[in-house]
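1. Pasting the sequence and the predicted model now:
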Amino acid sequence: MTAFQPRPGQSVQGYDVTARLGTDYYAVFADIPAADREVWERAQAYVDEVGTRMQDAWDRAEYPLELAMRMGERELFNDGIDHPALTRFSPLAAGLVNMEVSRGDGSLGTVIAVQGGLALRTLALFGSPEQQERWLAPVARGEVAASFALTEPDHGSDSVSLETTARRDGQEWVLDGAKKWIGNGASGGVTFVWARVDDPESEHHGAVRCFLVEQETPGYVGTVITGKASLRGIHQAHIVLDGVRVPFDAVLPGTKTFKDASTVLYSTRSGVAWSALGHATACYEASLAYAQQRVQFGKPLAKFQMVQERLTQMLDELTAMQLYCRWMADLETRGELRPTQASLAKYHNTRAARRIASTARDLLGGNGILLENGVMQHMADIEAIHTYEGTESVQALLIGRDIAGMGAFA
């Protein structure tokens, strides 16, 4: 290949703005234990291996399932789940994995949230010994893609009102309903379907329970949602359940009410805060590198006062995000993390990540919309994590109820 030869009006061929800079202004991660650092470095190595291919996949709106499932080979799906069959991560290590993978690619960060945080956690917490024996290791190793089907076309923020039903018919359950935005829901694996029991003779009549459904089961139809402008490197599905028959023991015995679904969601909410930190770190570091390399009016952008002020504003918010995440991990390690504290971290960090991404996009000028520079992709992907695992408004109402002592839900 011919070496780049500068031409009038073009002194550089491109900018190196995606490398890690190790931003940690308050030394928030300077004292992490060696075991946690080893897990973090494992995540970094994975991102370095697949990063370029994932960027191409995002551009083409393709889901390279084989690449995504390689995280299982590195035990990156375990997400701090406490189970004797899984290698235990500390909450800090689990957070660092979410942060690092999202810093590399938001779609992969969502794969961790779906495969590990939601599906694997549901199985580990509520599955029968037989279900865990059959599925836990394959899901953890990424040998079987797994999904968590709670959200419905008509029920997002009010998922407690879900209408999918599970009717008893002899020694089988019959599932009918629809789900939407289900990551891995059309990937040929298994889906943990949350449904309302329709069995007047059962003590669980009207209760919300979870059912393990193999996606090849007749009546299960998962259709990939197209036209997404965010998280384009993972497929989410619209699922139709039309008389899906599963064995009586397909129900996860530990699930009794909607509160069990909430337990899983609360556990993954902290992961979203870490994921937002990863996105924001990538945007800030791209901005800093670009400001140091890009020359305008005869000097690097970094020598302009307005640029330095913007970089400072971004670092201000990024450092606060790091402090939120580190303290949240410490609370969880001590068993003291309350659900609304995780909600506050998610609320703060996704909002801050949006602001950082917007500033970064502006600072990079026209180059900010190029996928090769990363910022625009992160900016788009942040929009998804800002919504899932509870919207900004829902988080505010959960926190508000906690601090005010009274609910304001409609």
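-> Perfect, thanks for sending it.

2. CA atoms for contacts and neighbours, from now on please.
-> Fine.

3. contacting residues for the spatially most central residue of the chain?
-> Geometric centre of the chain, nearest residue: Thr110, 3.3 Å, by CA atoms, centre = their mean. If you count contacts by CA atoms under 8 Å, 6 or more residues apart in numbering, Thr110 has them with 102, 231, 234.

4. Check Val114 too.
-> Contacts of Val114 were listed using CA under 8 Å, 6+ apart, and they are 146-148, 183-184.

5. please redo it, this time with the cut-off set to 10 Å
-> Val114 is in contact with 77, 108, 120-121, 145-149, 182-185, 268, counting by CA atoms under 10 Å, 6 or more residues apart in numbering.

6. From those residues, pick the one nearest Val221.
-> Gly185 (9.1 Å; CA to CA).

7. could you measure Ala166 against Val213, distance?
-> The gap separating Ala166 from Val213 is 12 Å, by CA to CA, to the nearest Å.

8. next one: Gly243
-> Distance from Gly243 to Val213, by CA to CA: 12 Å.

9. Now list whatever residues contact both of Ala166 and Val213.
-> The contact sets of Ala166 and Val213 overlap at 175, 193, 244-246, 251 (CA under 10 Å, 6+ apart).

10. of those residues, closest to Gly14?
-> Nearest to Gly14 among those is Val193, at 47.0 Å by CA to CA.

11. So Ala317 sits against Ala352, correct?
-> Not Ala; residue 317 is Glu. Yes: with contacts counted by CA atoms under 10 Å, Glu317 reaches Ala352, the gap being 6.3 Å.

12. okay, and the common contacts of those two?
-> Common contacts of Glu317 and Ala352, defined by CA under 10 Å, 6+ apart, comprise 277, 280.

13. one step back: how about the shared contacts of Ala166 and Val213 in CSV, adding distance to Ala384, pLDDT and secondary structure?
-> Below are the shared contacts of Ala166 and Val213 laid out as CSV (distance: CA to CA, whole Å; pLDDT from 0 to 100; DSSP: H, G, I helix; E, B strand; the rest coil):
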residue, distance to Ala384, pLDDT, secondary structure
Leu175, 29, 98, strand
Val193, 22, 98, strand
Val244, 30, 98, strand
Arg245, 33, 98, strand
Val246, 32, 98, strand
Val251, 30, 98, strand
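
14. out of those residues, who's nearest Pro300?
-> For the shared contacts of Ala166 and Val213, the nearest to Pro300 is Val193 (54.0 Å; CA to CA).

15. In this structure that closest one contacts Ala149, no?
-> Yes: Val193 lies in contact with Ala149 (CA under 10 Å); the separation is 4.8 Å.

16. any low-confidence regions in the stretch 201-350 of the chain?
-> For the stretch 201-350 of the chain, no stretch has pLDDT under 70.

17. all helices for it, in order.
-> All helices of the stretch 201-350 of the chain, identified by DSSP state H, counting those that start in this stretch, fall at 258-293, 305-333, 339-363.

18. And the second one, what does it pack against?
-> Same thing as helix 305-333. When contacts are defined as 3 or more CA pairs under 10 Å, 6 or more residues apart in numbering; DSSP states H and E, helix 305-333 packs onto helix 91-104, helix 258-293, helix 339-363.

19. from the shared contacts of Ala166 and Val213, which is closest to Ser343?
-> In terms of CA to CA, no member of the shared contacts of Ala166 and Val213 lies closer to Ser343 than Val193, at 24.1 Å.

20. Report the contact partners of the closest one.
-> Val193 neighbours (CA under 10 Å, 6+ apart): 119, 147-151, 164-166, 175, 178-179, 209-213, 241, 251-252.

21. now the helices: where do they sit in the stretch 1-150 of the chain?
-> Taking DSSP H, counting those that start in this stretch as the criterion, the stretch 1-150 of the chain carries its helices at 34-60, 65-73, 91-104, 106-111, 121-126, 129-140.

22. which one of those helices lies closest to Ala280?
-> When the helices of the stretch 1-150 of the chain are compared by CA to CA, helix 91-104 sits nearest Ala280, at 7.6 Å.

23. Give me the average confidence score over the closest one.
-> Average pLDDT, helix 91-104: 97.

24. List every C-alpha atom in it, with coordinates, as CSV.
-> Only the C-alpha atoms of helix 91-104 are listed here, as CSV (Å, rounded to 0.1, in the frame of the first residue of the first chain):
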residue,chain,number,x,y,z
PRO,A,91,-19.3,-6.2,42.2
LEU,A,92,-16.3,-4.1,41.3
ALA,A,93,-14.9,-6.6,38.7
ALA,A,94,-18.4,-7.0,37.2
GLY,A,95,-18.7,-3.3,36.9
LEU,A,96,-15.3,-2.9,35.3
VAL,A,97,-16.3,-5.5,32.7
ASN,A,98,-19.5,-3.7,31.9
MET,A,99,-17.6,-0.4,31.6
GLU,A,100,-14.7,-1.7,29.5
VAL,A,101,-16.8,-3.7,27.0
SER,A,102,-19.2,-0.7,26.6
ARG,A,103,-16.2,1.6,26.1
GLY,A,104,-15.3,-0.6,23.2
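
25. now that helix and helix 34-60, what's the angle there?
-> 30 degrees (axes from the mean of the first three to the mean of the last three CA atoms, to 10 degrees).

26. Just give me how far helix 91-104 sits from the chain centre.
-> The chain centre lies 10 Å from the centre of helix 91-104; the measure is CA atoms, centre = their mean, to the nearest Å.

27. for stretch 162-180, same thing?
-> Centroid separation for stretch 162-180 versus its chain: 27 Å, with CA atoms, centre = their mean.

28. mind listing what's buried in that stretch?
-> Neighbour-count burial for stretch 162-180, counted by 16 or more other CA atoms under 10 Å, picks out 162-168, 172-180.

29. ditto for stretch 359-368
-> 359-361, 363-364, 367-368.

30. thinking again about what came up before, of the helices of the stretch 201-350 of the chain, which is nearest Gln55?
-> Across the helices of the stretch 201-350 of the chain, closest to Gln55 is helix 258-293 (CA to CA), at 13.9 Å.

31. show me the residues around Tyr212 that make contact.
-> Careful, residue 212 is Leu and not Tyr. Leu212 makes contacts with 123, 127, 131, 135, 146-148, 190-194, 246-247, 249-252, as judged by CA under 10 Å, 6+ apart.

32. Thanks again, I'm all set now.
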